[in-house]
Every structure is written in structure tokens, then in C-alpha cells.
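In: Sequence isn't available, so here's the structure alone:
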């Protein structure tokens, strides 16, 4: 498919938001998009390019823009060994100022929406009742949610650290939401460093590059996230309690998390501990007063950087830990309700006509949200299914299954839809159709494992939001910073874009 | 040998300073010392120890306290890949405040001494005439020195970045100089970070450890070295010229160097380039006006982080490069004269009676230098040789050969001396006898490759000095910071202490 020849691809139907599984992995980036080059040529002379890459690699090494190297043993468990620079784009990706502002303005509205929806337990259970039958993971989450509902337990202090991801459709010139992460929003630490890296490079080479570092927006994601965690910890009001980071047993993106915890400690004096779900099961207990104790320490805030994927629950032990935390009075970031609001199905329900109106009053806010919703349909929508069968190149078929990387494109959409019709409707509840977004591809320099390659690439912009409330007291509802991810856009028609995502920042145009 | 039973081991004779080959390698630490534990027990409870080690490893990763991992390909050539934390001691080593002050006060005196001696070309040539016959490396350096002398070329702007290394003898309670590095003094960057690491750990765990972070002296080595390079660059007075760092083809300690160059650029706006000796031979030329051009860029300052070892000159190409630089008007750090002042033989000559007086006027300064000189003798000193044959455990036999790690101890001293007497005196000129220093061993926690081990360890304190002069204008003559290196002291009698050195800082007592 050639982007230059396609007209506005949106079939007329309801425009709904869409979410998909999230991951802490850079290289499993989303793929809602049609590939295909549309180069904004920015060739850098080879001598200058070499200097830029070398300086950038040094900068990463000295400033902690690093990840664990999967090729080195223990690099996902032990800090300090097997380090490699995080994959990054050499220069920021151009992005229009208007759309940047639009994305930033949406953050507090989405924060508020998540909170409102989380309070409507019946809406969550009803909307997910069919998904529950076909998706075991969502089913387990719903079981925990039910148990909590039965006890009439309320979460007085609610903390959300969300990230809403967008792509800019080149044809429609519209910003579309790809997904809203309500659990384990990754890269608040490293994304800030990439912005700093780009500003530094432009400060030194900007004249040759004809770039101005002031056009790279400052990124405060990590300090604002630390602030949000500290404020939540403060509301819990127990000076000896800690923030507990729920981690995977192996985590090559650990330094992103360490940056956040380092700021939490150095700026706010709040201690954190890292525990896997299995460790929490083994060491955790809820006292009669509701306090969560893990390894003898009272937990004020549970901050999930694991638990979003079925892979994080290999045994009953992990599910017990999840339930235990939910039953405690610790502040969960996110609570089971916040987590469920982030499922694909709930987002699709939310975006049906007149549903947003059940949760939000402000018409301007509702209009702003709707404007960024791409077309989203369940497979009961016969018109949408018919369109997708006729023109699959304009759609993405997404399974509810968490974890990302399972999206279906092109002729495979047609085949899958035919199979689902034959099998009967049961399995169809596990899928959602989404309008395919066509971002503009730009020429970019992507650096990975110390090697720079030039390629056509497309980008996805994530906006971090933080929300904190204690009963009627609204404490924080802010846009906090951003994550730009850029990946190679392969030119083969209709296929899934091959390649990897790297960290990037934006250059306002 | 048991340290507790030995009386003052110094045979009466002239007390001379002693130098030996230097290296950018941490793990090839000097070994002038008798091993043997004398523990200052500082056992840390295991739960606390685990936290300290974890936090320290995270801190290293986020703050650039890293080296290239020799186990990973390209880690010695390409930045950003194959990173591992630098080996470090978990906590600072106790060190008496009086001896710390003494070492700091010596820095400007040694700076001045090096400069004065460097101006006496005949003294250097004469003193090294016998060494020249038995040491090919020193011989090549002398050839370059001769060529420069013949042209009556003077160095108006002279920059020295030295590091004088000391050990504290436990029996004599005296600070003895081990060596004075006049070329490629390593670790100005990483040593500062270790001080910061230790202060950070003590700030967080000081109460449990009963330590006070204010007792860890601040370390300004890297910023003062950057300042010295910038000031020298400024004296050269050509705003488009660069600082050229002469590097080895493979350098796992590159981040130490990158820290210095980063500060040079970020604080002083001075650009640097990295070149191997072979590259300088291929790309370099001296213009008729004396300017050094390498790769088309004018070089204001040549900063050597290679060229101190015979291994750095595998072919004639590298020697041509060394001569070319010396013939130019670029500021050499060090010049060939400064380099020669740092040879073992010159230091031994300097420390003979009435030799310091030829170069320095101030009697207090001379007394201060003498006080830190260990016993040093050439093998023409029959009394010294006799003492060493009888009591080899009180001596170290050092070959002039550069590169470190070649020192001879214990019974091997006796055997070598016998062999040298049989061979005739020619080869004896390649050796120097030095009094052996007996530092106190303390219990320390050494962290390497992510793993912490507790052991008895001894330490060596290096004091960085910077010296800059332009003809009669003295611009800088300062103590700049410090390097503490700690290594395992094995308990086997008389043998060379097995083990490795790690970066450390000091805790003033």
C-alpha cells in the first residue's frame, strides 16, 4: 500500500478508542499502522554523523541511558552488569506543535475518565462479561474485582500513573489514540534522558544540523511520577511505610525503574523495595487493620511494573499475591478497577455513543476525547465486519489477549473473520476491529547495539499522566511528560512492519 | 611474614623516592607491600550488606561509574556497549587526617620539582645513560629527547597532570611515596564518582553503619583536570584548535577519559578528539609555523592516555607519531622531558643526597619531599645489596621495565641478585631496590562483576596534581583530588599478594 495514493480510509461508523496489551519491552512495539516510506529527507554528512553517534553513545553510558543486555547472563536480575545503551533515535522526530498541545491537554481528561469508570463496578463487570468467557487472563482479573466488590471495599486514595499513546494520521491530519496504559506505564525514566540527549547533541551540533534545542520539549515524566508516588505515600501517612515496586523476575528495563525510585528517594526521601509477585505471596500478609506487610515492612503504595501480562502469573502463587494486595489498604497503582479500565474491551465500550456522557459532565472534554478516537468496532457490528472483509488494508484486527504483538493485518484479517464466522460468535468476542492509522514515515537514524542505521520510520507519542485523589480531595491531575518511540517502517505492502522500536523525543514544528 | 612482629625495617642508607611503570588498568595494581591481615573488623549485617551492594550497583549504572567489560566484544573500542560497573570498595577506607593533609601538601611541591628537573636536559640524559643500554623503551624516549635538545627547542607552555601514589607504613606510621606518575595519570573521572557513591551510601545508611559522610573528602580531580586542560588550551590561544587525547587502540577504561572530555566540553566549551598513535602518524603533520595538524585539525594540547608502555609502540609508526608531536608547538601533557622525569631511575637519582637541592630552593619543601621517600638504592650500593640478600622480606626489587606487575619479592630477590652478580654489572642497571612498605590491612568489601566479597585489604592513595606555566607566568600549581585503590592482601608469607585492585575513597580518622 502506498500512502500517497490512499484517500481518507475511515469507514463511516462510530469512532471508538482502542487499547491493546502493553509491554515493558521496547522492541515489541505496537503495529497499528501501514508501513511505507514518505521521507522527510534529513541526510547527515558522514563525518558529522560519526561524531554524533559516538557522542550519543558516550552520553548514554555516562548518564544512565542504559538497559540490561539480553545477551549477557544476570543482566536482567543483577544491576551493574551486562549494561548496554538503550536503543535510541539519533535526533528527535518532527511533530506539529498543535497536535502536541492537543495530546497534552487530553491527559487530565483521560485521568479523570479512568477514575470515574473505575468506580462503576457493574459497568466493568457487565461490559467484560463476554470477554470473560474467552479470555482467561481478563477472567482472573474480573474474579478479583468481584471479590472486592462483594466486600463493599472502597479505595479512598486512588493513584493513577497512565500513559496514553497516539499516532498522527498523515491523510486525516488527525491525532488518534492507539491505547491507554493504566498499568505499568514504562519509560518515564529513560524517555526524559532521551530528550536531554537530543538537546545536548543539538546544543553542540545544532548549527550544522540547522536545529534549535529549544524546540525539543523538556520532559519531566520521571520527576512528576516520583512526585505523584511521594504524594500518595504522604496521604497514606505512615512515615515508616515504603513504596513497593512489583517487578518481573527478569527485567532488562530495570534502570528505567531505578531512575524513578532514585528520584523518589533522593528528592522525596521515600524508600522503595522491589518484589516479585511470588515474593509477595511468600512474604506478604494483610493485618486485621488492613495494612499490607511484605517482608516485615508496611507497604504504603504498590507500584506495578509487572502483573499486566498472563506471563506474569505462571502459578496460583502470583494470583494469590495480586488478590492479597487488592484486599489490603495499601494504595494500588493501579487498583484492579483501574487495571480493568485499560482493557481493550472496556475502551471499546466506553467509546460507544452516549457512554462517555455517563462518566463525564463537561461537553468540551467529551468532544476532545472523541476527536482522538479511531474507529473501533466489535465483531457484532455487521457493517464494520463487511468493510473489513472488503478492504482489510484499512483495518487492524486486535485480539483481547494481553501482551502485544498479536495484531492481525491485511489478508489475514479476511481469513480470520471468515474462520470466526464459521466457528460461531463465541470466539468473536475476543477480537476488536480498529481503524488502521497511517502515520507519515520520516528518514531517521536508529542506533542499537552501538550501530546506527538510517531508515524510514514512524513514531508513536505517549503522554504520561498522573492522578491522585483522597476521597473528595483532588491532589494531582496532570500531564507529566512524554515518550516518543520510533520504529522502522518497512515498505512491503500491507504486511506487518518489520523492525524494532527505539526511544526518541520530539522536535516541535 | 607477620606484620606484628617486625621492627622498623629500614636499613640505614639514603632514602630515595621510587617510581615504577604505570598502567590504566585497575587490576594490575602495584605490589610494594607485604601482605598479611591486620583486620579493623567492620562486619555489616547480611540484610544491610545486601541492600548496600544493590544500591551501589544501581548507583554505578545510573551515574556512569562504568568500564568496558573485557568479556564483551567491541567494549574496548565502541562506547555504549559491553558496559559493567567499575570494581569498587563498598565503603571508604579509614585514613588518618594528618597523613591525608601531608599527601595533599606534597602535590604542588612535586609539580614544581618535575618542572624544574624537566628543564635540565643534561641531567636527564646523564642519569639515564646506563639505563639506556639495558632498557629499549627508555632508550627510544631518550632518542626523542636528544633530538629535541639538539634543536634548542623550548616548551614555553608546560602542562603537568601528575598523580603521586603513597602507602602508609603501619610500623613506622609514615607516608611513603610509591611512585609519581607524570604520564597518563588515570582515574580522575571514576575516582570522583566513587567518592560520591560512598557519600550517597553513607547518607542513606550512615546511621546503621555509624559513619558520617562529611568525613569522605570531596573529590574534584576531574573538574580540576578539565580546568587545567582548558587553561592550557586557552594559553595556546587558537579558538579553533582542539585537545587531542592520545588513546590506546583498545581501552576498557574509556569512560574515565570520557568524563574528563565531557567536562572539558560542557564546562569550558573546549572540543577534544581521540587518536591512536598510529592514527596520528597517518593523519598528522607539523606545519612550518610549528602547528600540529591531525586530521586537518590544529591541536592545542596533546593529552596522553597512551604511550607510557612499550606495548603502545608495536611499530615504527607509533614512534614517528611521538616524535612528530614532540617537534610541534602543541602543548604536550606530558612533554618527553616530563615523561622521563617519571622514570624509576630518575627518581632514584633525584633522591640521592644533595640532588633535590639542585632543583628546589625552599628547605621546607625539600624536607617535606624527603620525609615521604622510601629507601631506594641502585645495585651499585653494596650495603643495600647485602641487606637485601640477608633480609629480602624487607625489600622490593623493581625492574626499570615499564608496565607494572614485574616486581620481585622474597627469595626471588636473593636469586635475582645472585644471578645479576654472576652476569656482571650491565644488567644490574635495569633494577632498583626499594624498601618494602607494610600498610595496615583492613577488612573491606570489594565488589567486582556484581559480586561482593569480604577480605583483608590494603590501600594506596594517589594525589592528583595539576601544573601549568607559560614562560614566567605560573598559572596553576594545585592539588586536585585523589584516587584510593584497595586490593586484597593475601596472607601467604612473603609472596606477591594475589588479587585485584578496586576503586575506593577515604574516610578521615
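Out: Sure, I can see it. These numbers were taken from a predicted model, which means no experiment stands behind them.

In: now what about stretch A:412-420, what contacts it?
Out: Stretch A:412-420 is contacted from outside by A:379, A:385, A:388, A:389, A:392, A:395, A:396, A:397, A:408, A:427, A:428, A:431, using Cβ atoms under 8 Å, 6 or more residues apart in numbering or on different chains. The C-beta positions use only the backbone N, C-alpha and C, and glycine is treated the same way.

In: In three-state terms, label the residue of the stretch 101-250 of chain A found nearest chain B for me.
Out: Going by Cβ to the nearest Cβ, chain B is nearest to residue A:204 of the stretch 101-250 of chain A, at 7.4 Å. Put simply, residue A:204 is helix when judged by DSSP: H, G, I helix; E, B strand; the rest coil.

In: Distance check, residue A:168 against residue B:456.
Out: 63 Å (Cβ to Cβ, to the nearest Å).

In: hang on, the earlier thing: adding secondary structure, neighbour count and pLDDT as columns, could you present the contacts of stretch A:412-420 in a markdown table?
Out: Formatted as a markdown table, those follow (DSSP: H, G, I helix; E, B strand; the rest coil; neighbours: other Cβ atoms under 10 Å in any protein chain shown; pLDDT from 0 to 100):
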| residue | secondary structure | neighbour count | pLDDT |
| --- | --- | --- | --- |
| A:379 | coil | 21 | 88 |
| A:385 | helix | 20 | 91 |
| A:388 | helix | 26 | 92 |
| A:389 | helix | 14 | 91 |
| A:392 | helix | 23 | 92 |
| A:395 | strand | 27 | 91 |
| A:396 | strand | 27 | 90 |
| A:397 | strand | 23 | 90 |
| A:408 | strand | 20 | 89 |
| A:427 | helix | 15 | 79 |
| A:428 | helix | 19 | 83 |
| A:431 | strand | 21 | 88 |
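
In: Between those residues, which sits nearest chain B?
Out: residue A:396 (34.5 Å).

In: what about the residue of the stretch 151-300 of chain A found nearest chain B, which helix or strand?
Out: For the stretch 151-300 of chain A, the residue closest to chain B is residue A:258, as judged by Cβ to the nearest Cβ, at 4.8 Å. When elements are assigned from DSSP states H and E, residue A:258 belongs to helix A:254-268.

In: can you give me the offset of that helix from its chain's centre?
Out: Distance, stretch centre to chain centre, for helix A:254-268: 19 Å (Cα atoms, centre = their mean, to the nearest Å).

In: Parallel or antiparallel, list what pairs with the very next helix or strand once past it.
Out: Heading C-terminal from helix A:254-268, the first helix or strand you meet, by DSSP H and E, is strand A:272-276. Strand pairing for strand A:272-276, determined by DSSP bridges: strand A:242-247 (parallel).

In: how far out from the middle of the chain is the strand it pairs with?
Out: Going by Cα atoms, centre = their mean, where strand A:242-247 is centred and where its chain is centred differ by 19 Å.

In: before we move on, what about stretch A:427-446?
Out: Here stretch A:427-446 is found 14 Å from its chain centre; the criterion is Cα atoms, centre = their mean.

In: Can you point out the buried residues in it?
Out: A:428-446 (16 or more other Cβ atoms under 10 Å in any protein chain shown).

In: next one: stretch A:226-245
Out: Judged by neighbour count (16+ other Cβ under 10 Å), stretch A:226-245 contains these buried residues: A:226-236, A:241-245.

In: Can you flag which of those residues belong to strands?
Out: Among those, DSSP state E puts A:242, A:243, A:244, A:245 in strands.

In: is the first one in a bridge, and if so with what?
Out: With DSSP bridges applied, the residues forming beta bridges to residue A:242 are residue A:299.

In: if we can go back for a sec, export the contacts of stretch A:412-420 to CSV and tack on distance to residue B:286?
Out: Below are the contacts of stretch A:412-420 laid out as CSV (distance: Cβ to Cβ, whole Å):
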residue, distance to residue B:286
A:379, 77
A:385, 78
A:388, 73
A:389, 76
A:392, 69
A:395, 68
A:396, 64
A:397, 69
A:408, 67
A:427, 78
A:428, 79
A:431, 73
